[in-house]
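Engineer: Based on what follows, work out the 3D shape:
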Amino acid sequence: MKIEDMIGQMVWVGFRGTEPSEEVRRLIRDYRVGGVVLFSRNVRTPRQVRTLTDALREIAWEAGHPAPLLVAVDQEGGNVARLRDGFTQFPSAMAMGAMQSPDLVRRAAEVTAEELKVVGIGVNFAPVLDVNVNPENPIIGVRSYGEDPELVARSGEAAVCGYQSKGVAATAKHFPGHGDTSLDTHLALPRVQHPLERLRKVELLPFRRAVDAGVRAVMTTHILFDALDPDLPATISHKILTDLLRGDMGFPGVIITDCLEMKAMDRFWPEAPLMALQAGADVVLISHTYELQVEALKLLRRAAEDGRLPPERISASIDRISLSLIHISEPTRLGMSS
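Structural biologist: You can find the predicted model right below:
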């Protein structure tokens, strides 16, 4: 695999429109991006989504990509569900958790995964494993299964098993926990000051259980955790991503950043894409702005050339992406009536 192909595999992008835009065509064809993330702006009907994902994969195939293009979405249920018309709508995670039934959580995840596969989506950015212990949290709230770490862990395990039993890679988010902040990382950089013992009992417990359950991917959060790394937020912290998640928790899968256009990162760390990969992430997510996507890809190519991003570091991520995501994410070959 050429270096531009390898760097492209490590960058996933979003775009605007319900058909492939010229910008996303260039990103796939010329910059070799390995993944595309769909949002509500890309979605009308199930048939349209399948036509779109087929078209995106065709662009990659015609451009000679060495691996199939990955397509991801946030289909959590409740108020964060990018696919609505023609898709099954499930209650929020908090409502599902309140039913105290991991079996129902698993069954809902199975149905969601079956529908994602039919429209050509192989990676779901769910479940949310944040423990919602702060009532002033502006961004998690009902997206969490609740305020009890054990409940969140049980529900998360069930969701992971449900998605992946039907061939969709689950993504545990937002590591190591976004549940106890009063700030939104889209707008600011929160700081969590709890001691390590408290983090292990509350924030980290659901993620450890998801890792044990075989979750294929983990998404980072842009938050400072004083007990883990007082200087760098999780997304760009080697101590958190490599020492804790890979080392202590034994996670072998793909680490994906939350969107790097969020103000918690964009405002303070202009080289965040490189810093995230150096810290141990495998995929950087840049969801909205074409110029920033191209800038990140050029930065990473330069870093690969000058040694800031060593070949062995790149190869390790490519292997994880292949083993954890590509082999599970082929779309179902089914016709659709609507």
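
Engineer: Verify the contact between residue 45 and residue 85 for me.
Structural biologist: Yes: in terms of C-beta atoms under 8 Å, residue 45 counts as a neighbour of residue 85; the distance is 6.1 Å. Yep, even glycine has a C-beta here, placed from its N, CA and C like the rest.

Engineer: Can you show me the helices along the stretch 51-200 of the chain?
Structural biologist: 93-98, 102-118, 149-165, 196-201 (DSSP state H, counting those that start in this stretch).

Engineer: To residue 252, which of these lies closest?
Structural biologist: helix 149-165 (14.2 Å; C-beta to C-beta).

Engineer: how about the closest one: buried residues?
Structural biologist: With burial defined by 16 or more other C-beta atoms under 10 Å, the residues of helix 149-165 counted as buried are 149, 151-164.

Engineer: From the contact counts, what lies against that helix?
Structural biologist: helix 93-98, helix 102-118, strand 169-175, helix 204-212 (3 or more C-beta pairs under 8 Å, 6 or more residues apart in numbering; DSSP states H and E).

Engineer: Now do the first one, average pLDDT.
Structural biologist: What it means is helix 93-98. Average pLDDT, helix 93-98: 96.

Engineer: go on, the last one?
Structural biologist: What helix 204-212 shows for mean pLDDT is 98.

Engineer: Quick check: buried residues in stretch 278-293?
Structural biologist: Result for stretch 278-293 [16+ other C-beta under 10 Å]: buried residues 278-287, 290, 292-293.

Engineer: That should have said stretch 80-98, apologies.
Structural biologist: 80-83, 86-87, 90, 92-94, 96-97.

Engineer: same question, stretch 291-305
Structural biologist: For stretch 291-305, a neighbour-count test (16+ other C-beta under 10 Å) marks 292-294, 296-297, 299-301, 303-304 as buried.

Engineer: Point out where this protein drops to low pLDDT.
Structural biologist: Residue ranges of the chain with pLDDT under 70: 183-184, 264, 266, 329, 333-338.

Engineer: Could you rerun that using 80?
Structural biologist: The model of the chain has pLDDT under 80 over residues 137-138, 182-188, 263-268, 327-338.

Engineer: Please enumerate the strands of it.
Structural biologist: 11-13, 35-38, 70-73, 75-77, 80-81, 123-124, 169-175, 191-192, 217-220, 224-225, 254-256, 284-286 (DSSP state E).

Engineer: Distance from the chain centre to the last one, please.
Structural biologist: Between the centre of strand 284-286 and the centre of its host chain there is 9 Å, according to C-alpha atoms, centre = their mean, to the nearest Å.

Engineer: residues in contact with that strand?
Structural biologist: 10-14, 37, 256-261, 272-273, 276-277, 292-293, 296 (C-beta atoms under 8 Å, 6 or more residues apart in numbering).

Engineer: on that earlier part again, distance to residue 218 for the helices of the stretch 51-200 of the chain - can I get that in CSV?
Structural biologist: Formatted as CSV, these follow (distance: least, C-beta to C-beta, whole Å):
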stretch, distance to residue 218
helix 93-98, 17
helix 102-118, 17
helix 149-165, 11
helix 196-201, 16
